[in-house]
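In: here you go, sequence then predicted model.
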Amino acid sequence: MNAPASLTAQDLRRTYGGREVLRGASLALAAGVYALRGPNGIGKSTLLAALAGAVPLEAGEVRIDGISLASAPLAAKRRLGYAPDESPVYPFVSGRTLLEFVAATKGVRLGEADRETLRALALETRTEIRFSAQSLGMQKKFLLAAAWIGAPRVLLLDEPSNGLDASARDYLCKRFAAERERCVILFTTHDSRFAERAGAASIEMETLFADAR
Ligand SMILES: Nc1ncnc2c1ncn2[C@@H]1O[C@H](COP(=O)(O)OP(=O)(O)OP(=O)(O)O)[C@@H](O)[C@H]1O
């Protein structure tokens, strides 16, 4: 676990409704903070979901810290944190249930680091409220807090700043800065100011495709 963090993807392919959305997407990232940019519908969310193992691929290989997501999914996913843009959570589930579920899938228990994340995001008094009764910003914060469970070395965050208040955005930028030497943090955004404040290197989605090389 002491080798530098890495995220690699080779020739990822995924088709929706006869259209190839991921046209042989490849990337190789070392520890750092990266903003994945590109127009609506180009496939940024699909790529993040594919890197997280949440969308099946027709071809290609993903490695988390050198571990193949296809051949060793549990070991790879233990090193990974993923926050989708939209809540995949059942509306009747509470924040605490979500966090405990994610912890269980990673084979860890919630601990002081997770409580600190909840405090920083002003979530600690809201853990028992069901998702359908949380604001969109609060739901987003729970998904982000869940992504950090188990101290992942690769973080995939889909539109992390969407719906967040100023204080939560500040926290994200500080956390990125604190973890950039240790982790690969890849996030999508349409917000240039946030990407800049986060100190992110920009990656244009278009440049990742096989037909752009
Ligand atoms: N589950 C799905 N079923 C069918 N088509 C899908 C599905 N998910 C994504 N798509 C299609 O794949 C394409 C890429 O979508 P994706 O959400 O990955 O784009 P994006 O770059 O993240 O867009 P945005 O910037 O608007 O969030 C779109 O044309 C979208 O309609």
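Out: Arrived safely, thanks for sending. Numbering: from 1, shown residues only.
In: for the closest residue to Q139 other than its chain neighbours, list the residues it contacts.
Out: In space, Q139 comes closest to S87 once its chain neighbours are excluded; the distance is 4.9 Å by CB to CB, 6 or more residues apart in numbering. In short, each C-beta sits where N, CA and C put it, glycine included. By CB atoms under 8 Å, 6 or more residues apart in numbering, S87 lies in contact with 131, 139, 143.
In: my read: the second one touches F131, true?
Out: Going back to what we said before, that points to Q139. Yes - contact status for Q139 versus F131: in contact at 6.0 Å, counting by CB atoms under 8 Å.
In: what bridges to the residue most central in space within the chain?
Out: For the chain, L156 is the residue whose C-alpha lies nearest the centre (CA atoms, centre = their mean; 2.1 Å). Beta bridges link L156 to Y82, L186 when assigned by DSSP bridges.
In: now it: how far from R175?
Out: 15 Å (CB to CB, to the nearest Å).
In: now swap in R130 and tell me
Out: Note on R130: its distance to R175, by CB to CB, is 27 Å.
In: more neighbours, those two?
Out: R175 (19 against 14; other CB atoms under 10 Å).
In: so what's I42 up against?
Out: So I42 contacts 205-206 (CB under 8 Å, 6+ apart).
In: now for the longest helix along the chain, which elements pack on it?
Out: Looking across the chain with DSSP state H, the single longest helix is helix 166-179. In terms of contacts (3 or more CB pairs under 8 Å, 6 or more residues apart in numbering; DSSP states H and E), helix 166-179 is packed against helix 136-147, helix 192-197.
In: show me what the first one is packed up against.
Out: Packing partners of helix 136-147 (3+ CB pairs under 8 Å, 6+ apart): strand 80-83, helix 95-105, helix 112-120, strand 154-158, helix 166-179.
In: other residues contacting the last one?
Out: So the one you mean is helix 166-179. 33, 120-122, 137, 141, 144, 148, 155, 160-161, 164, 185, 194, 197-200.
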